[in-house]
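Participant: With the input below, show me the fold.
(3 chains)
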Amino acid sequence: MEYFTQQLINGLTLGSIYGLIAIGYTMVYGIIGMINFAHGDVYMIGAFQSMMVFLICAALGLSWVPLQLALMLVVAVMFTAAYGWAVERVAYRPLRGSTRLAPLISAIGMSVVLSNFVQLAQGPRPKPIPPVIRGGFEIMESEGGFIVQLGYLQIVIFLLTIVLMAIFAYLIAKTPLGRSQRACEQDMKMASLLGVNVDRTISQTFVMGAALAAVAGMMVTLYWGVNDFAMGFIAGIKAFTAAVLGGIGSLPGAMLGGILIGIIEAMWSAYFSTEYKDVAAFGILVLVLIFRPTGLLGRPEIEKV
Amino acid sequence: MATMTIPAVKAAPTPMTVALKEAGMTAFVVFMLSFLMIGFESQATQGQPLGYVTRFGATAWGILLVPLGRIALVLDRYGQSMPSLIGGGLAFLYLAGGAVIALAFDVLVIPFNDYFGAAAGASGIPMPFADPIVDAIFGLGALYIVAMAIQTRRRAAHGELTLEERETKEERSSIRAKRLSLVLGPTLLVVAFVLPLTPLADRSLIGTLTLILTYVMLGWGLNIVVGLAGLLDLGYVAFYAVGAYTYAKLSLDLHLSFWASLPLAGMFAAFFGVMLGFPVLRLRGDYLAIVTLGFGEMVRIILINWQSFTGGPAGIGGIEKITFFGVPFERNPAEGTQSFHTLFGLEFSVMHRIVFLYYLILVLALVTNLFTIRLRRLPIGRAWEALREDETACRALGINPRNTKLTAFAMGAMFAGFAGSFFAVKQFFISPESFTFIESAVILAIVVLGGMGSQVGVALAAILLIGLPEVMRELSLYRMLAFGAVMILIMLWRPKGLLAHREPTILLHRGNGKPKKMGARA
Amino acid sequence: MNATAPDMAPQTTGSLLEVEHLTMRFGGLVAIDDVAFVAREREITGIIGPNGAGKTTLFNCITGFYKPTVGRLTLYSAGRPAFLLEQMAGYVIGQKARVARTFQNIRLFAGMSVLENLMVAQHNKLMLASGYTVLGLFGLPNYRRAEKAALEKAVYWLERVGLTDYADLSAGNLPYGAQRRLEISRAMCTDPVLLCLDEPAAGLNPRESAELNQLLMSIRDEFGIGLLLIEHDMSVVMGISDHIVVLDYGKKISDGTPAEVQRDPAVIRAYLGEEEKE
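Facilitator: Below you'll find the model as predicted:
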């Protein structure tokens, strides 16, 4: 029981990270109907940039943890958002209205470029950083002496995720930005006729997705403490799985899917085998697509003939 | 709804103001992209925690040069192409020239470093970037600006293209693609057959050609799935792996020869394709892509972790080598048996095996090609293409979409299985490392860049994507970067692929070639 | 007005398609509400109604794109057992029951040539002849004969709709009217017993529209098959239909000959709006 609780906490942490990446997939898919293949790499860049901010803080002697965290968050989000913008501008915008495959290939190319760019610019070796936030609460203890811990870092991750979700829900539901986004999702041509700047709206969607991916990258930097240039690929696929599981196009769905994937992964690693934890995630993806292609919170699609 | 406001008539901004404004934005973007990722390099020195070194120089040059290029492009858009021509030209000459000299110095001086004590890259010319290849990339950017300017000037001389002219231009490019395919196809074929017999053919050249042909075959196999049936398969490498491991296991555990294993491997891969395809083929487009990608990764993870069967990450070694239809290529054949060279009374040479492997993959690839060409003209091939065009209409015509897709999937998987066996027999060592997602992406890129469905295009793209990086070993670190960039650039330049041209599988008006012009009737 | 109960459904002579109690719901929306009618052989059955009346949904139920929520769709054809269309998967209806259809927004295989479009339509026959590809790979005479026959049929239809000159061009490059004709001939290449046409005259000019009428009537007379026709253009419907079914808000409001339907007050109300108060 104690062990289970611990895994649940770990799974939730991991799930929050996946969920934040998944939102980027779900928003982009919702608006242009395409998988942003480079999103995983944008997340990786987010992780690297937040790591860099941390290193700069350390070099400048800023050791007050809340300040470090705030700087990491703000700077990484800003600089990673630029990457989101650039991905859209280079790989998607020129190919709007082209064949369906063309943007996919250019996005795969973008993904290759980004990960190799980071390999060249930052070196191929994994980058370890020391833990920033240590310690936590001891919630319960089993007779065998197994202690269930809720780390302070985990609390920070949960809180941050909840706050971001709230901000995003507000952005999408209440602001003109969210309105034009939803309008483009429904009917891009009509939206543009009504004066919505479609190009800008799509750009904003990529930027927002990248910003969330940056937060996820920062969390993972703090949580695992190791970054490498190839980390975006698997995380990207898992997050996409999460988005599909939750119902692509649905924001709460993406978060729910992310948390489910995180918990499943933690449980699978704990009770079955760590080696096959990625297989579990893919297996779920396949099963979901076969039995409930619209995902848990997605709306069923009526085929128009 | 907000009321419509009529924007006040403003004086049109001068080209220079527009250019400066856009350059400012570009500078901002370049700053955002490069400041943290290029300006700082994280480095772990021995025994120390992670630290960083700065490279502000490179960042500053980027923030300076890219907006300058932007200004040139904007002015060019307004018809002022002189700055582009002169500035771009000079920049190109300096950057590319300096890079070439620096690279030449590297190549020439490094071997003699001990004599001269000179540092690599010390050509003495001050360049913006530490790495001559980065200089060269910026040089290429400058070249692009010059090319745009030349195009502008030419257009200014001839006037804008009308819509109709543009359409005929597209038609012409299709016809050009057709002619090019007609010439290029047989030429490549002849070269492929003759090249190994010429004195040019050393071990490394044949090795490169064999590699290219392997990808040509994989590309042709995947072309059935993606190009003809329009099913986006991002896990194609899984079937390649299945073929390779099937042969490895058959040869090691059951002592089957390559020739007996080849059909079995193909069949097993096809079976695998059906098993995987059955549940997922009703998914559309991107979903199918991501599921196949997932399958590809699953296969790889299983190969890594199923130690007892697949040998885990270490892979399987000592796989049975290729034989000349049963006759081995051995220097010292066992007592009472023949070897290839004794059979033909030749001097022993390792090249025999290598050249034989080359011809083997050439034949396998050609079989794939002929098979595909034949299938295209059969009802199944037409149904594949129809499915790609419109699945709903297919269903209305009574075509079973699932079975049709399954056959395409199985057929593609089968050829990947053949190619996989070949890979295993060529390498006599296989490991999961050879079957990563990037391989699938490369094969898909070959198909799409070649021009979907174009057989010659696939061959051309394989030569470009596989052959060029092999030739340009110098670029080693930049190879994958260039690979990704080429993928993006070709798509931007030709979204339909290099040789986008589709020849109907059946013609009514044979002979007179040119169909009647549209609008003659109706 | 509603159908007879299914257990006593009469197999009237020449009745081709019997629709009984057909209901289609999408979530809370009732697109078709308990509709029943009969379409006969050698007749053109027009289906009319204002926008959103459920005409295309009806077609999608008949051709298997939607599975009806409730109802029975029986297809009778001479010399063959009756088919219960509501129980058949989409493509089987085209393959076995031989119901063909065209689409409101033309669905051709745009990248393929005109001739290829017509060859694809004969897929099932050719597949069989090619021994599911295995025999066809070796070009056995049996398959070559079948392909030749298929080609002849395609050429026949090209002649019929005046597209012979365009045979080798991409279908997507044809002018609009020609695309409509090609789609009809493609449907005819499947040897249907029932041909469902979803607004075939939409977007045609008056001359093309008149030609289309001729074509449809000659198909009815020469091939003896039944046609179901969704159409907005009243001159087309009234001119060529033998029998008209009127839908409004998913319900059948009238059924009869063109003359009867035109007089029906319910139809006039549906089209011209309510005139009397309370």
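Participant: hey, let's count contacts and neighbours off CA atoms from now on
Facilitator: Will do.
Participant: tally of neighbours for B:Val100?
Facilitator: 17 (other C-alpha atoms under 10 Å in any protein chain shown).
Participant: what bits of the stretch 151-300 of chain B have low per-residue confidence?
Facilitator: B:159-170, B:285 (pLDDT under 70).
Participant: go on, the stretch 151-300 of chain A?
Facilitator: Using pLDDT under 70, the flagged stretches of the stretch 151-300 of chain A are A:299-300.
Participant: As a check, name the ranges of all helices in it.
Facilitator: A:152-174, A:176-186, A:188-193, A:198-224, A:231-246, A:251-271, A:277-291 (DSSP state H, counting those that start in this stretch).
Participant: which strands and helices sit next to the longest one?
Facilitator: Right, the one you point to is helix A:198-224. helix A:2-32, helix A:39-60, helix A:65-87, helix A:152-174, helix A:176-186, helix A:188-193 (3 or more C-alpha pairs under 8 Å, 6 or more residues apart in numbering or on different chains; DSSP states H and E).
Participant: in that helix, what's buried?
Facilitator: Under the neighbour-count criterion of 16 or more other C-alpha atoms under 10 Å in any protein chain shown, helix A:198-224 has A:198-199, A:201-223 buried.
Participant: now do the second one
Facilitator: Residues A:Leu177, A:Gly178, A:Arg179, A:Ser180, A:Gln181, A:Arg182, A:Ala183, A:Cys184, A:Glu185 are the ones in helix A:176-186 that count as buried (16+ other C-alpha under 10 Å).
Participant: ok so, going back, put together a markdown table for the helices and strands packed on helix A:198-224, with distance to B:Leu508 on each row.
Facilitator: Shown next, in a markdown table, are the helices and strands packed on helix A:198-224 (distance: least, C-alpha to C-alpha, whole Å):
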| stretch | distance to B:Leu508 |
| --- | --- |
| helix A:2-32 | 40 |
| helix A:39-60 | 48 |
| helix A:65-87 | 46 |
| helix A:152-174 | 56 |
| helix A:176-186 | 44 |
| helix A:188-193 | 40 |
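Participant: closest to chain C out of those helices?
Facilitator: With distances scored as C-alpha to the nearest C-alpha, the stretch of the helices and strands packed on helix A:198-224 nearest to chain C is helix A:188-193 (17.9 Å).
Participant: and that closest one with chain B, contact?
Facilitator: No: Helix A:188-193 lies apart from chain B when judged by C-alpha under 8 Å from any C-alpha of the partner chain; the minimum separation is 12.6 Å.
Participant: Report the buried residues of that helix.
Facilitator: Quick answer for helix A:188-193 (16+ other C-alpha under 10 Å): A:Met188, A:Ala191.
Participant: Tell me which other helices or strands it touches.
Facilitator: helix A:176-186, helix A:198-224.
Participant: Identify the bridge partners of the closest residue to C:Leu169 other than its chain neighbours.
Facilitator: Spatial nearest neighbour of C:Leu169, chain neighbours left out: C:Ser113 (5.0 Å); criterion: C-alpha to C-alpha, 6 or more residues apart in numbering or on different chains. Beta-bridge pairing for C:Ser113 (DSSP bridges): C:Ser170.
Participant: now the helix or strand hosting C:Arg145, how far from the centre of its chain.
Facilitator: Using DSSP states H and E, C:Arg145 falls within helix C:141-161. Computed by C-alpha atoms, centre = their mean, to the nearest Å, the chain-centroid distance of helix C:141-161 equals 23 Å.
Participant: Restricting to C-alpha, output the helix or strand just after it in CSV.
Facilitator: In the C-terminal direction, the helix or strand that comes right after helix C:141-161 (DSSP H and E) is helix C:176-188. Provided in CSV are the C-alpha atoms of helix C:176-188 (Å, rounded to 0.1, in the frame of the first residue of the first chain):
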residue,chain,number,x,y,z
TYR,C,176,-16.9,20.7,-63.5
GLY,C,177,-19.7,19.3,-65.7
ALA,C,178,-17.4,16.6,-67.1
GLN,C,179,-16.5,15.6,-63.6
ARG,C,180,-20.2,15.1,-62.8
ARG,C,181,-20.7,13.0,-65.9
LEU,C,182,-17.6,11.0,-65.1
GLU,C,183,-18.8,10.3,-61.6
ILE,C,184,-22.1,8.9,-63.0
SER,C,185,-20.4,6.8,-65.5
ARG,C,186,-18.0,5.5,-62.9
ALA,C,187,-20.9,4.5,-60.8
MET,C,188,-22.5,2.8,-63.8
